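K.L.:
Need a 3D model of the following:
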Amino acid sequence: MRVVFMGTPEFSVPTLTEIVSAGHEVVAVYTRAPKPAGRGQAERKSPVHEAAEAFGIPVFTPRSLKAEAEQAQFAALGAEVAVVVAYGLLLPKPILEAPDYGCLNLHGSLLPRWRGAAPIQRAIMAGDKQTGIVVMQMDEGLDTGAMGPTEIIAITPEMTAGELHDQMMRLGADLMGRALAALERGSLDFTPQPESGETYAAKIDKAEARIDFSKSAEEVHNLIRGLSPFPGAWFEMALAGKPVRIKALRSSLSEGAGAPGALLGDELVIACGAGAVRLIQVQREGKGAMDAATFLRGAGTLPATVT
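P.N.:
This next block holds a predicted model:
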């Protein structure tokens with residue numbers, strides 16, 4: 001099929017690769033414009049941009065698709081379908097309607113639960129036991145389109161957002177590949193989303209990342225794994241008389257009780273409002289990720305509590 005691909009981060013690259021490998025004609029790739037990065041602030045192309053160039057596919061990086069000139073350029077590509085995977089720009093109605101079969105989006109949740117920007121993180125933070133990935137026919141609403149092929153994914157008790165992201169990335173590429181094959185055969189079916197059960201996956205706010213140990217151990221554990229590896233849930237610990245910010249990257253529920261924030265014993269077990277969490281992997285400010293034992297060897301005398 002004649003395809004326009006629209007995506008930006010690493011998550012999108014396997015789907016682009018799958019489409020190219022399946023023999024579809026990717027006539028153009030749309031991705032976010034390069035951004036300054038690193039110490040020299042040199043402009044860095046998105047992972048999708050770099051992948052597209054490696055495949056020899058023309059790349060477009062508009063900062064908006066609202067202008068008539070951009071919409072005319074998109075329509076002139078003559079795509080049969082557009083595939084959208086974490087692109088990052090709003091698609092106006094003329095863009096949605098330009099391809100013969102519209103725009104197909106790969107979304108990381110079991111819609112209508114977790115519509116919006118951060119479905120992977122929100123599902124884990126809420127303690128959901130399962131989620132999924134779906135091929136959706138895009139419309140003008142926020143993740144409100146009809147649903148096509150879907151894969152259900154179990155969320156295990158200690159799975160992190162990073163692990164779920166990687167699993168979805170692999171499954172999603174295969175799912176979109178199968179969806180395009182079905183579309184080519186004329187057998188791709190869609191079902192309207194349920195009218196109830198809608199939740200919104202708001203973008204993660206920086207203020208949410210600080211751990212509140214007055215919450216239950218289960219809530220703290222879910223926050224830690226839902227924000228791991230990025231942006232990372234964090235707390236402060238006084239080391240050598242100075243407050244040090246520490247990210248908690250992996251944890252488990254633990255035995256014990258005490259005042260919220262109290263360190264229990266000689267391991268990184270911290271009391272919560274109900275129960276306790278054991279920190280398994282942490283990242284001290286300015287350092288790399290390390291296991292708890294390594295952190296404890298270098299930390300010196302620990303305080304009685306953390307905040």
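K.L.:
which stretches of the stretch 1-150 of the chain have low pLDDT?
P.N.:
Where the stretch 1-150 of the chain drops to pLDDT under 70, the residues are 38, 40.
K.L.:
can you do 80?
P.N.:
Low-confidence segments of the stretch 1-150 of the chain (pLDDT under 80): 37-41.
K.L.:
for it, what spans make up the helices?
P.N.:
Here the stretch 1-150 of the chain has its helices, by DSSP state H, counting those that start in this stretch, at 13-21, 47-55, 68-76, 93-97, 119-125.
K.L.:
For the ones you listed, give me TSV that also has mean neighbour count and distance to residue 271.
P.N.:
C-beta: built from backbone N, CA, C; applies to glycine. Shown next, in TSV, are these (neighbours: other C-beta atoms under 10 Å; distance: least, C-beta to C-beta, whole Å):
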stretch	mean neighbour count	distance to residue 271
helix 13-21	20	42
helix 47-55	19	41
helix 68-76	14	55
helix 93-97	16	51
helix 119-125	25	21
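K.L.:
Columns distance to residue 251 on top of those helices, output as TSV?
P.N.:
TSV is the format used below for those (distance: least, C-beta to C-beta, whole Å):
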stretch	distance to residue 251
helix 13-21	29
helix 47-55	29
helix 68-76	45
helix 93-97	42
helix 119-125	12
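K.L.:
how many neighbours does residue 104 have?
P.N.:
Neighbours of residue 104 under the rule other C-beta atoms under 10 Å: 25.
K.L.:
can you tell me how far residue 165 sits from residue 235?
P.N.:
For residue 165, the distance to residue 235 equals 23 Å [C-beta to C-beta, to the nearest Å].
K.L.:
In terms of neighbours, single out the busier of those two.
P.N.:
Taking other C-beta under 10 Å, residue 165 and residue 235 do not tie; residue 235 has more neighbours (23 against 17).
K.L.:
Relative to residue 138, which of the helices of the stretch 1-150 of the chain is closest?
P.N.:
helix 93-97 (5.8 Å; C-beta to C-beta).
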